[in-house]
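Novice: Dropping a prediction and its sequence here:
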Amino acid sequence: MRVGILGGGQLARMLALEGAPLGCRFTCLEPSPDPPAGAAATIVRAPYDDPEGLARLADAADVVTYEFENVPADSAAYLQSRVPVLPPPAALEASQDRLAEKRIFRDEGIATAPFRPVDRAEDVTAALAATGLPAVVKTRRFGYDGKGQLVVESPRQATAAVERMGPGLIIEGFVPFERELSIVAVAGRDGSRVFYPLTENHHRDGILRASRVPAPGLAPHLQAEAEALAGRIIDRLGYVGVLAVELFEAEGVLLANEMAPRVHNSGHWTLDGGPATGGGASQFENHVRAVTGLRLAAPVLTPAQNSAPAPNSTTGAAHPLVGAAAMVNLIGAVPDLHALAAVQGARIHLYDKAPRPGRKLGHVNVAGPDSASVAESVRRVWRLLPEAGPLPAAFGVQPT
């Protein structure tokens, strides 16, 4: 099947690489020269809102998807008049507005931090009465990797932030969370669903630095709760494809932060946390399966050697959490590849992007029989990263 992708970055690259064994061919609409997806897909070089470029993409595709949520919703809607677009453009449009997103969560009974829309400095007092302090002032649109948001601790700071950033803002109460988690769900065209295990994520400066799975010490009911809330969003939006929901865990309760209608950075471990060790499918393969109408594959986390995969949560049974996995992003620069390749269990994924401060250039996955062995490999990877900063405490003390 021919698959079109709005965007030609690293996510499109991994979708094409994982979809090729399924017999799919990929064409990406991408304005940048020499994008990462060019290694695995045909590139139509044009702006995302260019009518001629969109027409060429539609002609080259049996179905169209997208790799990030900041492509114009109008472009997705235009394509939908000519070829199926999945996930549906309504999901793309909702994810582009933090206020619309939060209202969907609220309407579906999904807990969030308190929030209020703000357009003018005059709106701040009423908003803070609902959210309390500290609070986070965010742009409603085009914020990612920590961009477009500011923590404020007083009405004066909030007013100044709104005057500088507004209009089109949202103020949210600051959540004193214990950790950040994410659930990656997949919905098929036939109504089937699979869910990956809850993943624990570690950010710095608003950028995801590392993820690990299974999230340690997770109360058993939280996986089921995460799957249920993702399922309600899928139902609400008539969703098909991979959906990621970013969550806060606070005092044993899950609060929804944001959703991403696409394959997600916190799910990159799935490339090697399952299929490399004998079972399961990555989020990228399952997204391709979903949008092309193929049967979804069960996500299995690092099954023990010679053991049969257990049923996943679509049957109501527990995930087969035998083993562990982690992902470390390579930010700003790529370390010595010979040293990186020598780390036990490390699998390297580079995006063929030019180095730049704060830019995601690749990631390293580590899978192993248990959390301790994975943490040791992560520590060794971390020591090789230039200017990586402190190792997240979850991975233990960095060896000397």
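Specialist: Yep, that arrived.
Novice: can I get the CA coordinates of the least confident helix or strand in the chain by mean pLDDT in PDB?
Specialist: Every helix and strand of the chain was ranked by mean pLDDT, DSSP states H and E. The lowest is helix 270-273, at a mean of 90. Extracted in PDB, the C-alpha atoms of helix 270-273 (Å, rounded to 0.1, in the frame of the first residue of the first chain):
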ATOM      1  CA  THR A 270       9.400  -0.100  21.400                       C
ATOM      2  CA  LEU A 271      11.700  -0.400  18.400                       C
ATOM      3  CA  ASP A 272      14.000  -2.600  20.500                       C
ATOM      4  CA  GLY A 273      12.100  -3.400  23.700                       C
END
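Novice: Against which helices or strands is that helix packed?
Specialist: helix 283-292, strand 346-350, strand 360-368 (3 or more CB pairs under 8 Å, 6 or more residues apart in numbering; DSSP states H and E). (Each C-beta comes from the backbone N, C-alpha and C, glycine too.)
Novice: okay if I get the ones you listed as a markdown table plus mean neighbour count?
Specialist: Formatted as a markdown table, the helices and strands packed on helix 270-273 follow (neighbours: other CB atoms under 10 Å):
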| stretch | mean neighbour count |
| --- | --- |
| helix 283-292 | 27 |
| strand 346-350 | 18 |
| strand 360-368 | 23 |
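Novice: Is it possible to get CSV of those that adds distance to Ile110?
Specialist: CSV is the format used below for those (distance: least, CB to CB, whole Å):
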stretch, distance to Ile110
helix 283-292, 21
strand 346-350, 32
strand 360-368, 28
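Novice: So Leu181 belongs to a strand, correct?
Specialist: Yes: under DSSP: H, G, I helix; E, B strand; the rest coil, Leu181 sits within a strand.
Novice: Number of residues surrounding it?
Specialist: Using other CB atoms under 10 Å, Leu181 has 26 neighbouring residues.
Novice: what do you get for Ala111?
Specialist: Other residues lying near Ala111 total 15 when counted by other CB under 10 Å.
Novice: related to what we said a few turns ago, select, out of the helices and strands packed on helix 270-273, the one closest to Pro155.
Specialist: With CB to CB as the criterion, Pro155 lies closest to strand 360-368 of these, at 36.1 Å.
Novice: Next secondary structure element downstream of the closest one?
Specialist: helix 371-384 (DSSP states H and E).
Novice: what's that next one in contact with?
Specialist: 210, 212, 214, 216, 324-326, 328, 335-336, 339-340, 343-346, 364, 366-368, 388, 391, 394-396, 398-399 (CB atoms under 8 Å, 6 or more residues apart in numbering).
Novice: Could you list the buried residues of it?
Specialist: 371, 373-382, 384 (16 or more other CB atoms under 10 Å).
Novice: Give me the distance between that helix and the centre of its chain.
Specialist: The chain centroid and the centroid of helix 371-384 are separated by 22 Å, computed with CA atoms, centre = their mean, to the nearest Å.
Novice: so it versus strand 346-350, what angle?
Specialist: Helix 371-384 and strand 346-350 meet at an angle of 50 degrees, taking axes from the mean of the first three to the mean of the last three CA atoms, to 10 degrees as the criterion.
Novice: now the farthest one out in this protein, which residue is it?
Specialist: Glu122 (34.9 Å; CA atoms, centre = their mean).
Novice: Give me the secondary structure label for that residue.
Specialist: Here Glu122 is recorded as helix under three-state DSSP.
Novice: Likewise for Ala160?
Specialist: Ala160 ends up helix, using three-state DSSP.
Novice: which ones are touching it?
Specialist: Residues near Ala160 by CB under 8 Å, 6+ apart: none.
Novice: Quick check: it vs Glu153, distance?
Specialist: 12 Å (CB to CB, to the nearest Å).
Novice: Could you find the closest non-adjacent residue to Thr131?
Specialist: Leaving aside its chain neighbours, Thr131 sits nearest to Gly173 (4.0 Å; criterion: CB to CB, 6 or more residues apart in numbering).
Novice: I figured the one you found hits Arg116, correct?
Specialist: No: between Gly173 and Arg116 there is no contact under CB atoms under 8 Å: 9.3 Å.
Novice: and for these two, which residues touch both?
Specialist: Contacts common to Gly173 and Arg116, judged by CB under 8 Å, 6+ apart, are 130-131.
Novice: if you skip the residues just before and after it, what's nearest to the residue minimising distance to the centre of the chain?
Specialist: The centroid of the chain falls nearest to His264 when counting by CA atoms, centre = their mean (2.2 Å). Among residues not flanking His264 along the chain, Ala244 sits closest, at 3.4 Å (CB to CB, 6+ apart).
Novice: Verify the stated contact: Glu285 with Ala20.
Specialist: No: assessed by CB under 8 Å, Glu285 is found out of contact with Ala20, at 10.2 Å.
Novice: domains of this structure?
Specialist: For the chain, automatic domain parsing gives the domain ranges 2-85, 114-173, 179-395.
Novice: Dump those domains to JSON lines, plus distance to Asp97.
Specialist: As requested, the domains of the chain are exported to JSON lines (distance: least, CB to CB, whole Å):
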{"stretch": "domain 2-85", "distance to Asp97": "10"}
{"stretch": "domain 114-173", "distance to Asp97": "5"}
{"stretch": "domain 179-395", "distance to Asp97": "11"}
